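**Q** fold the following for me, if possible:
(2 chains)
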Amino acid sequence: MVRPQPLKSHLTALFQHAASQFAQAEHLSIELERPKQASHGDFACNVAMQLAKALKRNPREVAQAIISSLPASDLVEKTEIAGPGFINIFLKPAAWQNVAPQTLRAGNAYGSGELGQGLKVQIEFVSANPTGPLHVGHGRGAAFGASLANLLAHAGYQVQREYYVNDAGRQMDILALSTWLRYLALGNQFVPFPANAYQGDYVSAMADSIFALHGDRYMRPAADVVSDLPDAAGDPDGHLDGLIANAKRLLGADYAYVHGHAMEEQLGDGRNDLTEFGVIFDCWFSEKTLHESGLIDKAVKQLQQHGHIYEQDGALWFRSTAFGDEKDRVVLRENGIYTYFAADIAYHLNKFERGFDRVIDVWGADHHGYISRVKGALTAAGADADRLTVALVQFAVLYRNGQKAQMSTRSGQYVTLRELRAEVGNDAARFFYVLRKSDQHLDFDLDLAKSQSNDNPVYYIQYAHARICSVLSSWGGNEAELAEADITRLDHPQELALLRRIAEFPDTVNAAARDLAPHSIAYYLKDIAAELHALYAACQFLVDDEELKLARLSLIAAARQVLRIGLGLLGVSAPERMSREENARDADASNQNRA
RNA sequence: GCGGUCGUAGCUCAGAUGGAUAGAGUAUCGGCCUCCGAAGCCGAGGGUCGUGGGUUCGAGUCCCGCCGACCGCACCA
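**A** Reported below is the predicted structural model:
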């Protein structure tokens, strides 16, 4: 709602009026762009070139005609025709000066837009299987999703953040089995631990805690556990499934305890990790409830009624090829258990039924082939698949000492999100994760992220904020009065450059929200920090001239406001002072190299 | 093989609806602290935007071919 200045619409109206002399202009929308070069003015308009073709006239002539009939404006200094027919517009300082008080009055709402129009949007992200600690790949999804959610909220959407808990299915059974096998070993019931079970130390830790809590209540003879199994070498998956079946049979009702304990431990661990990372969810949605509530039956029946389900080889198939998929997909297996895909159809139909105007899924890029399938199913069920947007996030590759820090999931030797946060800190992690376009591979430079030098963009931006705080603190006056300061003295080129940058923020937020691109906020913050630092070097703020002093302080207070909001969108703190000492422990952590 | 994503400075990457001389950081080189925090500022060099065509007043951006990289192609999740 808070537009700092109707500046652009004011100028657009001027051009609309001037262009109306040409009949062809009625269907034309006037576009004003910010030229890259300062010598091209504050804004440039290309309407003359667009009109020239239809009019069959020289674009520069058309430009001249438009300029001649531009209504007078007290904000415009001058206009000129340039290049092939651009009209460059130079504004008076007054056009920009009001940006400072307007920003201050808007407060935390500055830059919040009307793009979302109060529409309800749900963003689902992370949604990692609770089968072990979150790793650095999940971290990127978490940072991206959380920043995107903040961004959409600032752009005027009502946002709900959701985590889909995959608490049903084979992976969870494997985790439960892995835990139980470690537990059995504590009672000297040794079963060879399968290579395709979960190897991590956290599994043994869970077994320890079950043993400590319940002693040998869940102990069973190893000989029974391994009875009647396919060979582990020849059929590893069959071997594993056999173990799971034996576990369920031998434990009976107790299996649910082991399964639930493991799931809750891992889910709780992930939740703590994310909370410390500043990533908070409004809703944790259980996949299991979809099975239990009959929503999956209902979804499949819905598809069936529309004639998109057929039976073959004892399974039920969804004819997804009718909706652009490469092959048809099974929804109900031969063994009577629904596939993950079937649950996902029900889940997405349920999202729509919960009243969201828009649904955004954040997925790992390796799932891109899954999109057409889900959208096809939604269409087949009679839903509007266009309300679903899938944002893909590519994997992050860590670099340390210029070399790739390899992670191999099989051996359980991967860098966890918790380790990353401990090494570089939450602020650097959040910032570096969203510094790249989400659908691009990310090279995460650990050394740069934790460096306390000017190389580090996080510190560069935070320092700009801290510098402003420091100046205002030295001044010691009443900051609330700065919004009322007389700002007509602001005319230094560097002051105007900063004002222009502040004025861009609302457009930047809207564009970033529209494109689901929080990285552009990160780039914007680097830009505004650069303008602030340049101004800091060019002008002194605490000068004797009281009027000039207040004007400049109001300007940097406005810059601080934008820095705070922008850093907040990315989940990065805006410290009032920078301290090197605090980071000493991080330096220690970095010495502990992983193999 | 089929489908998808991508190729921009030595390196890491930005480049909204097609716009003027393609930008930033880093690295390299040279300057700036009696003054609000030098985690800063100013300047220099560095490019066939993978490649060949096409569309038009205008293409890094849109279309096609080729080369190269990555991802996906389960009754896993």
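**Q** residue A:500: neighbour count?
**A** 17 (other C-beta atoms under 10 Å). Heads up, the C-betas are built off the backbone N, CA and C, glycines and all.
**Q** run through the neighbouring helices and strands of the host helix or strand of it.
**A** Assigned by DSSP states H and E, residue A:500 falls within helix A:493-514. If contacts are counted by 3 or more C-beta pairs under 8 Å, 6 or more residues apart in numbering; DSSP states H and E, helix A:493-514 sits against helix A:93-97, helix A:99-106, helix A:136-154, helix A:519-538, helix A:546-569.
**Q** helix or strand: which one has residue A:262?
**A** helix A:255-276.
**Q** how far off centre is that helix?
**A** Computed by C-alpha atoms, centre = their mean, to the nearest Å, the chain-centroid distance of helix A:255-276 equals 24 Å.
**Q** contact partners for the residue positioned nearest the centre of chain A?
**A** Taking C-alpha atoms, centre = their mean, the centroid of chain A lies closest to residue A:144, which sits 2.2 Å from it. Neighbour list for residue A:144: A:125, A:362, A:391, A:393, A:433-434, A:438, A:518 [criterion: C-beta atoms under 8 Å, 6 or more residues apart in numbering].
**Q** so is stretch A:431-440 next to RNA strand B?
**A** Yes: interface with RNA strand B: stretch A:431-440 contributes A:435-437, A:439-440 (C-beta under 7 Å from any atom of the strand).
**Q** swap that for stretch A:543-561, sorry
**A** No: judged by C-beta under 7 Å from any atom of the strand, stretch A:543-561 makes no contact with RNA strand B; its nearest approach is 7.5 Å.
**Q** quick one: mean pLDDT over that stretch.
**A** For stretch A:543-561, mean pLDDT rounds to 96.
**Q** what does it contact?
**A** A:99-101, A:103-104, A:106-108, A:110, A:464-465, A:468-469, A:471-472, A:475, A:477, A:479, A:481-483, A:485-490, A:495, A:498-499, A:502, A:528, A:531-532, A:535, A:539, A:541-542.
**Q** again, only using 7 Å
**A** Outside stretch A:543-561, the residues that touch it by C-beta atoms under 7 Å, 6 or more residues apart in numbering are A:99-101, A:103-104, A:110, A:465, A:468-469, A:471-472, A:475, A:479, A:482-483, A:485-487, A:489-490, A:495, A:498-499, A:502, A:528, A:532, A:539, A:541-542.
**Q** give the buried residues for it.
**A** The neighbour-count check on stretch A:543-561 (16 or more other C-beta atoms under 10 Å) flags A:548-561 as buried.
**Q** again with stretch A:294-306
**A** Buried residues in stretch A:294-306 (16+ other C-beta under 10 Å): A:295-296, A:299-300, A:302-303.
**Q** mind putting those into CSV with secondary structure?
**A** Below are the buried residues of stretch A:294-306 laid out as CSV (DSSP: H, G, I helix; E, B strand; the rest coil):
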residue, secondary structure
A:295, helix
A:296, helix
A:299, helix
A:300, helix
A:302, helix
A:303, helix
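**Q** also within reach of RNA strand B: list those from the residues you listed.
**A** Within the buried residues of stretch A:294-306, nothing lies near RNA strand B by C-beta under 7 Å from any atom of the strand.
**Q** can you tell me which of the residues you listed lies closest to RNA strand B?
**A** The shortest approach to RNA strand B among the buried residues of stretch A:294-306 belongs to residue A:296, at 12.1 Å (C-beta to the nearest atom of the strand).
**Q** dump the residue contacts of the closest one.
**A** A:290, A:338, A:342-343, A:346.
**Q** kindly write the PyMOL command that selects the buried subset of these.
**A** Applying 16+ other C-beta under 10 Å to the contacts of residue A:296 leaves a buried subset, and the PyMOL line that selects it is:
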select buried, chain A and resi 290+338+342+343+346
